[in-house]
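**Student:** Pasting the sequence and the predicted coordinates here, then a few questions.
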Amino acid sequence: MKKFLFGLAMPFVVFPLALLAYFGLGMSETRSDVKPPAWETLLIESAVRAAVRRSAKELSAQAPANQEAIIAGGKLYLAGCAGCHGEPGKPGGDLAQYPPPPQLPHTGCPYSEPEIAWIIKHGIRLTGMSAYGPFYKENELWALAAFVHKINALSPAEIQAIQPKKP
Amino acid sequence: MKTFVAGFACGTLALILAVLAFLKMGLAPIRADAPPSPWTSHFLYSAVHGAVRHRAPAQQNPLPADDNLLIAGGKLYLNDCVGCHGEPGQPSSEFGATFYPPAPQLPRTAPQYTEAEIFWIAKHGIRRTGMYAQGRSYSDQDLWRLAAFIRQMTRLTPRVLEAIQQRPSQPGISK
């Protein structure tokens, strides 16, 4: 029985130490110009999704966004987000970031509006998604969230309406 | 021995299940706007440092080292890197600070890497950070120019500093 308990405890010491050694000795791969393996994407995406769902509970849902807010959000999106996340009506970008930023106009966004607002505000660590809380007002965050929520279901008129006005 | 192995197997299984449960329950901290603890920072930076040193091929900058090289690299740096990594002579980048881990402020950090390592990082990026690979947007020559500049950034001469600030003159176009 003693031996069994000893064996039971060992993995909790051995594996963390092995992990520390692996990273500490510089064995890890750092290049971001390769695609993550499928298992890693699956594992981490589901962890992020669960964590966002848990954290975003602190934000209460707002009144449904009107058309005006969606267009305003779209303009903000084109100015601040499209560089990494892709532009509606255009082919997806090819940014060699790891993990690659989701091309939202093509994939859509699986989160609710409060969850999207939370992500924009606080960012996601260990990705290229930085925290935009210091740069947007609260109503801008919600307008962006409303736009991103329906980003893969925009009408051509909406895509037209968010384009910057030509001088 | 057999009992130990059985215990070890059960422990391994329990560890894997615990990690999966932790992740699936959404308990992993994911906010990017809380600065990494000193311990985490130290761990992340030394892991990256070790890996870069281990993997970056030892090469010499093929371009002749002179002020022209630094000026050419500096112009590229001002165009594309300052948004996150900060501009020489200016306050730190606020945008760079909102990443987790935060983007190092190169004008005020003593160089940690050799030119060849900087070239390699710029070309291939660093995964799980905001540092994406620039190899698709820059030629190797431009990356070497950048690497030379970044390596020297904390000890630039006023002549170089002044030269990189000058935009190419565009007669007839006023801003």
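**Tutor:** Received the coordinates, thanks. Residues are numbered from 1 along each chain as shown, chains lettered A, B, ... in the order given.
**Student:** any idea which helix is longest in chain B?
**Tutor:** Longest helix in chain B by number of residues, with DSSP state H as the criterion: helix B:2-24.
**Student:** Touching that one from outside, list them.
**Tutor:** Residues external to helix B:2-24 that are found in contact with it (CB atoms under 8 Å, 6 or more residues apart in numbering or on different chains): A:1, A:3-12, A:15, A:43, A:46-47, A:50, B:28. Backbone N, C-alpha and C define where each C-beta goes, glycine included.
**Student:** what about burial for those, which qualify?
**Tutor:** A:4, A:7-8, A:11, A:43, A:47, A:50, B:28 (16 or more other CB atoms under 10 Å in any protein chain shown).
**Student:** Adding secondary structure and distance to B:Asn79, write those out as JSON lines.
**Tutor:** JSON lines is the format used below for these (DSSP: H, G, I helix; E, B strand; the rest coil; distance: CB to CB, whole Å):
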{"residue": "A:Phe4", "secondary structure": "helix", "distance to B:Asn79": "63"}
{"residue": "A:Gly7", "secondary structure": "helix", "distance to B:Asn79": "58"}
{"residue": "A:Leu8", "secondary structure": "helix", "distance to B:Asn79": "57"}
{"residue": "A:Pro11", "secondary structure": "helix", "distance to B:Asn79": "50"}
{"residue": "A:Leu43", "secondary structure": "helix", "distance to B:Asn79": "37"}
{"residue": "A:Ala47", "secondary structure": "helix", "distance to B:Asn79": "36"}
{"residue": "A:Ala50", "secondary structure": "helix", "distance to B:Asn79": "40"}
{"residue": "B:Ala28", "secondary structure": "coil", "distance to B:Asn79": "36"}
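**Student:** With pLDDT added, can I get these in CSV?
**Tutor:** Shown next, in CSV, are the buried ones among the contacts of helix B:2-24 (pLDDT from 0 to 100):
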residue, pLDDT
A:Phe4, 93
A:Gly7, 93
A:Leu8, 94
A:Pro11, 95
A:Leu43, 95
A:Ala47, 96
A:Ala50, 96
B:Ala28, 94
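**Student:** May I ask which two of the residues you listed are separated the most?
**Tutor:** Pairwise distances across the buried ones among the contacts of helix B:2-24 (CB to CB) peak at 32.9 Å, for the pair A:Phe4 and A:Ala50.
**Student:** helices and strands around the host helix or strand of B:Phe119, which ones?
**Tutor:** Here B:Phe119 sits within helix B:115-124, counting by DSSP states H and E. Helix B:115-124 makes packing contacts with helix B:38-55, helix B:140-152 when contacts are defined by 3 or more CB pairs under 8 Å, 6 or more residues apart in numbering or on different chains; DSSP states H and E.
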